[in-house]
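Asks: the sequence and its predicted three-dimensional model are supplied below.
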Amino acid sequence: MSSGDSPSEDKPESADSLAVIKQLPTDLLLIVFIHGFKGTDTTFKNFPSRLEHVLTEVIENLKVECIVFPAYETKGQLMKTPLQNAAVEHFADWLTTLTVQREVADGQGGGAGKTRVVLCGHSMGGLLAADALLAFVNSRPDKNAPLWPNIVACIAFDTPYLGLQPTVFKNSATKAVEYADAARTVVSDMFSLFGKKGASSTVSGQPPLAIAAAPTEESGWAKWAPAAYAVGGALVAGAAAGTAYYRRDDIGSGYNWATDHMNYVRNLWDEEALRKRMRDLIDVQVHLGVTFRSFYTLLPPAPPSFSSPRTFVILPQRTSPIAAHFLPARNHQAADEVQAHTNMFNPRFNDGYYQLGLDTAKIIREAVMSARGIIESDDTEAQKDVEAAAAMEETLPDQGESKTIANKERQ
């Protein structure tokens with residue numbers, strides 16, 4: 001019913017419309033959560049389950065399923081061409097298989113494209129989500145072909161799309177010293193492996209690493225490391241930045257992990273590749289209607305030590321067209337940027353947890369309604385916001401962690 005309908009037609013058409021809506025088949029929405037580098041299936045804690053509950057309450061005729069992408073091993077750096085990356089290929093295969101399975105199970109026909117998908121990535125998981133989306137876009141037979149899987153939104157949580165904030169580990173002084181020392185050991189031992197002069201004198205007396213595999217080609221670590229090592233402090237800072245979050249408990253445990261990790265840090269220094277990814281994501285939103293948003297943790301000023309707000313990731317300039325796609329996720333409890341980053345989905349250490357859930361739910365609801373071709377009135381949106389707030393704070397029947405595909409298959 002349009003807004004221009006007369007009052008006399010209001011009641012019968014409203015009743016008829018309601019009857020029709022109830023007879024329509026229920027849409028299926030898959031929300032896929034992707035954890036960060038070396039993360040685990042419990043990264044998101046109860047956030048997916050709570051989000052699933054909220055969306056079920058505020059969107060009619062919608063079956064919501066939140067799924068956490070199983071723990072994966074990142075192989076090499078994220079390439080400029082997404083499909084060259086093994087992690088992207090693995091995720092793309094997994095998602096297409098999942099989509100077909102769910103559409104068949106839901107009676108929609110495999111590959112029909114009727115199942116809508118939302119990608120949610122934390123930290124490096126946001127990079128994987130973005131590159132997978134772009135890979136799907138670029139793999140279409142032509143630019144007018146529909147996108148499949150039918151991804152309607154890509155939402156990132158503290159993803160370093162423009163790099164890591166240089167001051168992050170300076171603000172965590174104790175951790176910075178600890179991890180920088182460990183990173184120096186990793187770097188120096190790597191050079192010892194390749195016979196680089198002067199490397200052994202840097203950390204004399206350090207025990208050798210447990211090597212899982214030797215370098216096999218000059219185009220990899222062996223080629224890049226000498227040039228990177230020349231910048232010294234920059235490499236150590238980057239290594240410490242990745243280490244503090246991605247592998248706090250076991251730095252330098254073997255060649256494979258160390259090289260994977262360093263390749264990831266290297267990717268964050270490729271400014272042109274980072275900017276191109278952002279331009280491509282905005283282009284996909286404009287031309288294909290796939291919503292893109294990126295939440296970033298924001299710590300308030302804490303004088304006298306910190307006179308300005310702090311973030312874990314580098315933000316775009318305020319005048320940039322990208323800036324509107326970055327949204328703050330405020331945390332007044334975290335001691336530093338790393339704690340805010342790692343506890344983004346933990347309500348015990350993030351007082352902005354519930355607001356983050358509401359903001360995420362609203363973005364997804366708007367994306368679903370847009371895909372349905374429905375524009376809600378201001379009054380409807382306000383009412384849905386109230387309903388979402390109430391649902392967000394409800395105690396869920398199952399307060400356990402979100403299930404992975406493996407867990408579901410065992411049931």
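Replies: Thanks, I have it.
Asks: quick check: bridge partners of N150?
Replies: R116 (DSSP bridges).
Asks: next SSE downstream of whatever helix or strand K63 lives in?
Replies: In this assignment (DSSP states H and E), K63 forms part of strand 62-68. Downstream of strand 62-68, the first helix or strand assigned by DSSP H and E is helix 86-105.
Asks: packing partners for that next one?
Replies: Here helix 86-105 touches strand 27-34, helix 124-138, going by 3 or more Cβ pairs under 8 Å, 6 or more residues apart in numbering; DSSP states H and E. In this view, the C-beta of every residue, glycine as well, is placed from N, C-alpha and C.
Asks: CA atoms only for the shortest one, dumped as PDB, please.
Replies: In this case it means strand 27-34. Output in PDB follows, covering the C-alpha atoms of strand 27-34 (Å, rounded to 0.1, in the frame of the first residue of the first chain):
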ATOM      1  CA  ASP A  27      13.500 -15.700   3.200                       C
ATOM      2  CA  LEU A  28      16.800 -17.300   4.300                       C
ATOM      3  CA  LEU A  29      19.600 -15.100   5.500                       C
ATOM      4  CA  LEU A  30      23.100 -16.600   6.100                       C
ATOM      5  CA  ILE A  31      25.400 -14.400   8.300                       C
ATOM      6  CA  VAL A  32      28.900 -15.700   8.100                       C
ATOM      7  CA  PHE A  33      31.500 -14.700  10.700                       C
ATOM      8  CA  ILE A  34      35.200 -14.800   9.800                       C
END
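Asks: for the very next helix or strand once past it, which positions count as buried?
Replies: Elements were assigned by DSSP H and E; along the chain past strand 27-34, the next helix or strand is helix 47-58. Neighbour counts over helix 47-58 (16 or more other Cβ atoms under 10 Å) mark 47-55, 57-58 as buried.
Asks: repeat that for stretch 34-46.
Replies: By neighbour count on 16+ other Cβ under 10 Å, the buried set for stretch 34-46 is 34-39, 41, 43-46.
Asks: now do T40 against E65, distance only.
Replies: 20 Å (Cβ to Cβ, to the nearest Å).
Asks: sorry, that was for R140
Replies: Taking Cβ to Cβ, one finds R140 at 25 Å from E65.
Asks: for Y296, same thing?
Replies: For Y296, the distance to E65 - Cβ to Cβ - is 27 Å.
Asks: point out where this structure drops to low pLDDT.
Replies: Applying pLDDT under 70 to the chain picks out residues 1-25, 38, 72-84, 107-112, 169-269, 397-411.
Asks: quick one: the helices in it, in order.
Replies: Counting by DSSP state H, the chain has helices at residues 7-23, 47-58, 86-105, 124-138, 173-193, 199-202, 221-229, 233-246, 255-267, 271-288, 337-342, 353-371, 378-392, 405-410.
Asks: relative to helix 353-371, how tilted is the second one?
Replies: Between the axis of helix 47-58 and that of helix 353-371 there is an angle of 50 degrees, by axes from the mean of the first three to the mean of the last three Cα atoms, to 10 degrees.
Asks: how much space between T26 and K114?
Replies: With Cβ to Cβ as the criterion, T26 and K114 are 11 Å apart.
Asks: those two: which is more packed in?
Replies: Using other Cβ atoms under 10 Å as the criterion, T26 and K114 rank with K114 on top: 15 against 10.
Asks: surely the more buried one and L29 touch.
Replies: No - between K114 and L29 there is no contact under Cβ atoms under 8 Å: 10.7 Å.
Asks: angles on the backbone of R318, please.
Replies: Dihedral pair for R318: phi -60, psi -30, per degrees, to the nearest 10.
Asks: ok, G163 - how many residues close by?
Replies: Neighbours around G163, by other Cβ under 10 Å: 16.
Asks: against M392, how distant is P347?
Replies: Relative to M392, P347 is positioned 11 Å away (Cβ to Cβ).
Asks: overlap in contacts, those two.
Replies: Y354 (Cβ atoms under 8 Å, 6 or more residues apart in numbering).
Asks: contact partners for the closest residue to L62 other than its chain neighbours?
Replies: Distances taken as Cβ to Cβ, 6 or more residues apart in numbering place D27 nearest to L62, at 5.1 Å, with adjacent residues excluded. If you count contacts by Cβ under 8 Å, 6+ apart, D27 has them with 61-63, 114, 116, 368, 372.
Asks: could you do I374 as well?
Replies: So I374 contacts nothing (Cβ under 8 Å, 6+ apart).
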